[in-house]
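Participant: predicted coordinates and the sequence they were generated for:
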Amino acid sequence: MPRIPFLRHEAVRAVLCAVGSGALVLLFGSPYWREHPVHGAVAALACGGFAASGALLATGGRRRRLTGWLLIAAAYCWPFAWLVSREHGLGPSISFFGLYGFFVLFGTAILSYPAGRLRGRGDRVWVVAAAIVLVGGEVVFQVFTEPEWAGLPPTVTWPSGPPIRAVWEIGMRAQAAGQIVLALWFAALLWRRSRWLSNLDRRIAIPVQVTAAALGLIPSIQAALEPGTWTDIETLQSFYFTEGVIALVVAIALVSGALRDRWWELSAPHRVVRITSSGTSVATVRIALADALRDGTLQLYFWAPSEDGWVDAGGVPEVAPAPAADDARWRIPISGDPVSGDPRSGGQQPLAIVDVDGSLRRRPLLVDAVLRAGGQALLTAQLQAAVSANLTQILAAKARLEEKRLAERQRLEQELHDGPQRQLGDLARRLERLTGQVSDPLVGSVAGECRDEVLATVGELEELAHGLLPAALRELGLHGALAAVADRLGLPVRLLVVPGRYPAAIEATLYFALCEGLTNVAKYAPGAAVRIEVTLADHWLRGVVIDDGPGGARIKPGGGLAGIAERARSLSGRASVESAPGETRVAIAVPLDSALVAS
């Protein structure tokens, strides 16, 4: 369980700010609170909530500082709005500037939340427009109006100027329309901003944005529907109470979001340690980092010394991801000290690249803490990825060797066919003609014997060529080649072969393995019923020879059945022999991906 060191300092600051803001509300609005204590409590809690959340954000890192100070300023500006309940002095005049100043500061703070900055021109233009319409408009009103027009007693201090009733009436309508436009504009900016939020920010920002949009829209619509809001003090104070209720919900969302955000920053490194402590693998490390950073798009690349380059999580060579041209992705290189084993030590040995969402640039302390917590796990994962890369190299080399062996068989077959077989065939035909042309019976007999020996030699060469790579396998595929072998051996074989053609190395491997199984049946159980099945499932080609003979087959070093397992391993496959009285199974399985590695 992580400790919470900020409770001692930051929480104290938050409480002090909240108490100060709430006390100002109670002080400035005291004439009204005597008759409406519930309204006073709601207003004090709302103001205190803004101040507390602002204090938490202002001390929570550079990216939150702007938002935090704006919220504190708004929390200390809003109490001045309750000076409207005073009947003397400048209080009522100042109260309107306190209200509108609060909305400008609050809107700017929410638009900068949680990134800590205004994102684009639309945000900045809204801030300027809000200041002009709300604060600037109020200056014009007070210069050209009388306090009685706003429902205030004539005893209050009001800015001097020529009162013009037409300016007041037009200005009231214009400001009401302007407030609605600003509220709708504000809500649209928040909706657009919500689409850019990262997963880490969305869970704390969405409740704040929804309630903040309501705080802008509902009071503006209420003021527009009730013309007496700005001309009757009782109505105006009730209007302030409605704002206070909504503001209290916003304050709760802000405080809970700030606390949950700080808690996540403190607990995220411990989540990485907890997840990786149960078992460290490449997949586990990625899951732990992605969970701690709330980034499902996180990717890991590891340095593989054997490749002298980068590999992905599966050990497959990858081009090192270049730094992103924009802020969409953040690619963090991590180095490790090969002596101390300390990642991120600044050593020259590259370790990994962590590719995360670009929005995490605004949380460098969180990212650094999470990566340090997962440092040892990253070292272990890097070793696993390097081993996987080595294994991939070995399997690729074995597959290439099998391809070369197959190519060599094809070359020898072609050379035998074009060379000795053709020459011996010509010699056999000449001896055939000589046998029919000579008159001496003895010479004819010798020529016939020579012809028979030559033809036998040709047959042996054909058998040898077929052993290297049967022509039937090239021309007819596995089904036709296996059927030919069964006919030649005189075995009653039931063939169930999946249709289709496959890479030559895989077809040859299965063919020779199944032929070895048939040969074993012909040698030790010639009367047995035999079934051959070749199936394809999950990118694996599987073959099996099943007979109902007496059993007893076993793998002997250097024997034919041992060669089946060796052929299978050369293509990352596997083979097995199961033999019992009444059934013997010789099986082989080869992944089709092995052909891709070989190529």
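Facilitator: That came through, no problem.

Participant: so what's residue 57 up against?
Facilitator: 64, 65, 67, 68, 71, 113, 258 (C-beta atoms under 8 Å, 6 or more residues apart in numbering). Every residue, glycine included, has its C-beta placed from N, CA and C.

Participant: in what helix or strand does it lie?
Facilitator: Assigned by DSSP states H and E, residue 57 belongs to helix 37-58.

Participant: next secondary structure element downstream of that helix?
Facilitator: helix 62-77.

Participant: please tell me which one of the contacts of residue 57 counts the most neighbours.
Facilitator: residue 71 (32 neighbours; other C-beta atoms under 10 Å).

Participant: how about it: what's its closest non-neighbour residue?
Facilitator: residue 54 (3.1 Å; C-beta to C-beta, 6 or more residues apart in numbering).

Participant: surely that neighbour meets residue 69?
Facilitator: Yes: counting by C-beta atoms under 8 Å, residue 69 is a contact partner of residue 54 at 6.8 Å.

Participant: ok, these two, which is more surrounded?
Facilitator: The residue with more neighbours, out of residue 54 and residue 69, is residue 54; 31 against 16, by other C-beta under 10 Å.

Participant: and the pLDDT for that one?
Facilitator: In this model, residue 54 is scored at 87, pLDDT.

Participant: any idea how far it is from residue 73?
Facilitator: From residue 54 over to residue 73 the distance is 8 Å, taken as C-beta to C-beta, to the nearest Å.

Participant: how many other residues sit next to the closest residue to residue 148 other than its chain neighbours?
Facilitator: Leaving aside its sequence neighbours, residue 148 sits nearest to residue 154 (C-beta to C-beta, 6+ apart; 5.9 Å). Counted by other C-beta under 10 Å, the residues lying close to residue 154 total 9.

Participant: same question for residue 375.
Facilitator: Residues lying near residue 375 (other C-beta under 10 Å) number 20.

Participant: right, and residue 79 touches residue 46 too?
Facilitator: No: in this structure residue 79 lies outside contact range of residue 46 using C-beta under 8 Å: 10.6 Å.

Participant: next SSE after the helix ranked longest in the chain?
Facilitator: Longest helix in the chain by number of residues (criterion: DSSP state H): helix 233-277. Per DSSP H and E, the first helix or strand lying C-terminal to helix 233-277 is helix 282-293.

Participant: let me know the angle separating that following helix from helix 233-277.
Facilitator: 160 degrees (axes from the mean of the first three to the mean of the last three C-alpha atoms, to 10 degrees).

Participant: what does the average pLDDT come to for whatever helix or strand comes next after helix 282-293?
Facilitator: Remark: after helix 282-293, the chain's next helix or strand is strand 299-304, criterion DSSP H and E. Strand 299-304 shows a mean pLDDT of 83.

Participant: tell me the helix or strand right after strand 299-304.
Facilitator: strand 309-311.

Participant: mind listing what's buried along that following strand?
Facilitator: Residues of strand 309-311 classed as buried: 310, 311 (neighbour count, 16 or more other C-beta atoms under 10 Å).

Participant: how about stretch 273-284?
Facilitator: Result for stretch 273-284 [16+ other C-beta under 10 Å]: buried residues 275, 276, 280, 282, 284.

Participant: which residues does the residue nearest to residue 202 when sequence neighbours are not counted contact?
Facilitator: Spatial nearest neighbour of residue 202, excluding adjacent residues (C-beta to C-beta, 6+ apart): residue 194 at 7.3 Å. Applying C-beta under 8 Å, 6+ apart to residue 194 gives the contacts 202, 205, 206, 209.

Participant: still on that earlier bit, wait, which of the buried residues of stretch 273-284 is closest to residue 574?
Facilitator: Set against residue 574, the nearest of these by C-beta to C-beta is residue 282 (23.8 Å).

Participant: just checking, the closest one touches residue 381?
Facilitator: Yes: using C-beta under 8 Å, residue 282 is in contact with residue 381, at 4.6 Å.

Participant: now list whatever residues contact both of these two.
Facilitator: Joint contacts of residue 282 and residue 381 (C-beta under 8 Å, 6+ apart) are 300, 302.

Participant: and the pLDDT for residue 15?
Facilitator: Listed pLDDT for residue 15 reads 87.

Participant: then residue 5?
Facilitator: Residue 5 carries a pLDDT value of 45.

Participant: same thing with the one 3 residues further on?
Facilitator: At residue 8 the predicted local distance difference test score is 51.

Participant: do residue 545 as well
Facilitator: Looking at residue 545, its pLDDT stands at 92.

Participant: dihedrals phi and psi, it?
Facilitator: Per-residue torsions, residue 545: phi -110, psi 120 (degrees, to the nearest 10).

Participant: which residues sit in contact with the residue nearest to it when sequence neighbours are not counted?
Facilitator: In space, and not counting its chain neighbours, residue 545 is closest to residue 517: 3.3 Å by C-beta to C-beta, 6+ apart. Taking C-beta under 8 Å, 6+ apart, we find residue 517 in contact with 532, 545, 561, 564, 586.

Participant: now swap in residue 578 and tell me
Facilitator: The neighbours of residue 578, taking C-beta under 8 Å, 6+ apart as the test, are 584, 585, 587.

Participant: again, 6 Å this time
Facilitator: The neighbourhood of residue 578, defined by C-beta atoms under 6 Å, 6 or more residues apart in numbering, consists of residue 585.

Participant: using the three-state scheme, assign residue 575.
Facilitator: Under DSSP: H, G, I helix; E, B strand; the rest coil, the three-state class of residue 575 is strand.

Participant: again, but for the one 4 residues further on
Facilitator: Under the three-state scheme (three-state DSSP), the conformation of residue 579 reads as strand.

Participant: surely it and residue 550 touch.
Facilitator: No: at 9.1 Å, residue 579 does not count as touching residue 550 under the criterion of C-beta atoms under 6 Å.

Participant: the more surrounded of these two?
Facilitator: residue 579 (20 against 14).

Participant: name the nearest residue to that one, ignoring sequence neighbours.
Facilitator: Going by C-beta to C-beta, 6+ apart, residue 579 has residue 553 as its nearest residue, at 4.0 Å.

Participant: returning to that earlier point: how distant is the longest helix of the chain from the center of its chain?
Facilitator: Put simply, helix 233-277 sits 28 Å off its chain's centre (C-alpha atoms, centre = their mean, to the nearest Å).
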